[in-house]
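Q: pasting the structure only:
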Ligand SMILES: Nc1ncnc2c1ncn2[C@@H]1O[C@H](COP(=O)(O)OP(=O)(O)O)[C@@H](O)[C@H]1O
Ligand SMILES: [Mg+2]
């Protein structure tokens with residue numbers, strides 16, 4: 001694989017308060033009648049600058065257009081990560097309305113990366129773009145690139161079914177299939193034609209153990225998955241996703257339909273999956289992001305604003321806008 005551009009050293013002398021001058025590099029929308037970049041949803045100017053001492057520790061994104069007030073702040077440490085997923089200048093339009101603006105980021109292997117930001121800022125849109133679920137929505141157009149392990153997600157010849165097999169998706173509302181607990185977990189293996197009872201049983205047990213559900217269901221594997229509680233159903237969906245050995249697990253507010261106890265168990269589970277799985281998770285719950293994730297991406301009005309280690313984003317964000325959101329001043 002060629003070296004990733006995410007691993008390139010930063011441009012020299014590029015402090016955040018003085019981004020390198022570049023001509024207004026209009027992102028060419030895929031069709032002529034697209035609105036100019038930034039026209040539909042203009043973020044307010046980011047307040048303040050960052051101190052010059054930060055200049056060496058920050059990776060400064062490119063300047064997109066004159067209308068884009070500040071480049072995103074992406075922390076230096078992320079450049080040392082091995083990215084499973086790379087998103088590059090990704091734009092998305094729902095009809096005439098632009099929902100994502102030049103999003104550029106990597107998702108590091110074996111880490112939990114949380115996407116946060118106010119409702120409607122594009123978190124779900126970004127997540128759904130990764131496994132191309134947005135393809136199913138009429139009038140969606142995209143521009144830019146996403147790569148899974150270096151392979152284009154949007155190239156013309158991509159087999160979307162095969163692509164989605166390499167990604168696990170966990171939705172807000174648990175969606176177990178109307179079949180037994182056992183059959184839910186081994187579903188992907190069945191689809192691939194696996195029939196050996198021993199293999200299926202082993203994968204079932206390992207996946208349920210990883211999903212912290214084995215002890216609760218080991219004596220009722222043949223019962224309907226629909227008989228489980230909401231929290232158990234969500235852990236079952238995570239077990240089902242894990243069983244397929246995905247390169248990346250995508251989770252869109254996986255706890256939003258659960259009570260606090262079930263939520264706590266899922267958060268513990270997500271934390272325990274770190275290292276073994278790469279997880280990109282949307283959450284609107286600040287505590288969840290701070291407890292479960294290694295890295296946090298703050299998005300606002302379709303733009304990536306700040307991306308860094310969760311501990312930094314939550315205790316000492318670089319940008320005032322991030323701080324205002326984290327501390328509940330808006331959103
Ligand atoms: N299917 C859709 N059709 C048109 N607009 C959409 C659709 N889904 C989302 N949007 C719009 O895109 C923007 C981002 O939405 P979304 O990704 O759901 O945000 P979030 O998950 O951060 O709350 C919002 O303005 C929303 O109204
Ligand atoms: Mg959403």
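A: Nice, thanks for sending it over. Bear in mind that the values here come from a model prediction, so they are computed numbers and not experimental data. Numbers count the residues shown, from 1 in each chain. Ligands and ions are numbered 1, 2, ... in the order given.
Q: How about the residues of the stretch 101-250 of the chain by ligand 1?
A: 117, 119-125, 137 (CB under 6 Å from any ligand atom). Where C-beta positions appear, they are placed from N, C-alpha and C, glycine not excepted.
Q: Repeat the analysis, applying 8 Å as the threshold.
A: Residues of the stretch 101-250 of the chain lying close to ligand 1 (CB under 8 Å from any ligand atom) are 115, 117-128, 134, 137, 139-140.
Q: So which of the residues you listed sit within helices?
A: The helices, defined by DSSP state H, take in 123-128 from these.
Q: Could you single out the nearest of these to residue 76?
A: Residue 76 lies nearest to residue 126 out of those, by CB to CB, at 22.6 Å.
Q: What about that closest one, how many residues nearby?
A: Counted with other CB atoms under 10 Å, the neighbours of residue 126 add up to 27.
Q: Kindly confirm whether my reading is correct that it touches residue 103.
A: Yes. Between residue 126 and residue 103 there is a contact under CB atoms under 8 Å: 6.2 Å.
Q: Tell me the residues that contact both of these two, please.
A: Residues touching both residue 126 and residue 103 by CB atoms under 8 Å, 6 or more residues apart in numbering: 87, 90, 299.
Q: and the residue nearest the centre of the chain, which of the three is it?
A: For the chain, the residue sitting closest to the mean C-alpha position, by CA atoms, centre = their mean, is residue 280 at 3.4 Å. Reduced to three states with DSSP: H, G, I helix; E, B strand; the rest coil, the structure at residue 280 is strand.
Q: Report the beta-bridge partner residues of it.
A: With DSSP bridges applied, residue 280 shows beta-bridge pairing to residue 113, residue 250.
Q: Hmm, residue 129 and it touching each other?
A: No. The criterion here is CB under 8 Å, and residue 280 misses it with residue 129 at 11.1 Å.
Q: Looking at the shared contacts of residue 126 and residue 103, spot the one nearest ligand 1.
A: residue 299 (6.9 Å; CB to the nearest ligand atom).
Q: What is the neighbour count of the residue in the stretch 201-331 of the chain that ligand 1 sits nearest to?
A: Nearest residue of the stretch 201-331 of the chain to ligand 1, counting by CB to the nearest ligand atom: residue 282, 6.2 Å away. A count of neighbours around residue 282, defined by other CB under 10 Å, yields 25.
Q: got it, and residue 213?
A: Residues lying near residue 213 (other CB under 10 Å) number 24.
Q: residue contacts, it?
A: Contacts of residue 213 by CB under 8 Å, 6+ apart are 232, 235-236, 239.
Q: Same question for residue 309.
A: 75, 77, 294-296.
Q: repeat for residue 200
A: Contacts of residue 200 by CB under 8 Å, 6+ apart are 182, 186, 189-190, 194.
Q: Please identify the helix or strand for it.
A: Using DSSP states H and E, residue 200 maps to helix 197-210.
Q: count of residues packed around residue 76?
A: Counted with other CB under 10 Å, the neighbours of residue 76 add up to 13.
Q: now do residue 193
A: Residue 193: 6 neighbours (other CB under 10 Å).
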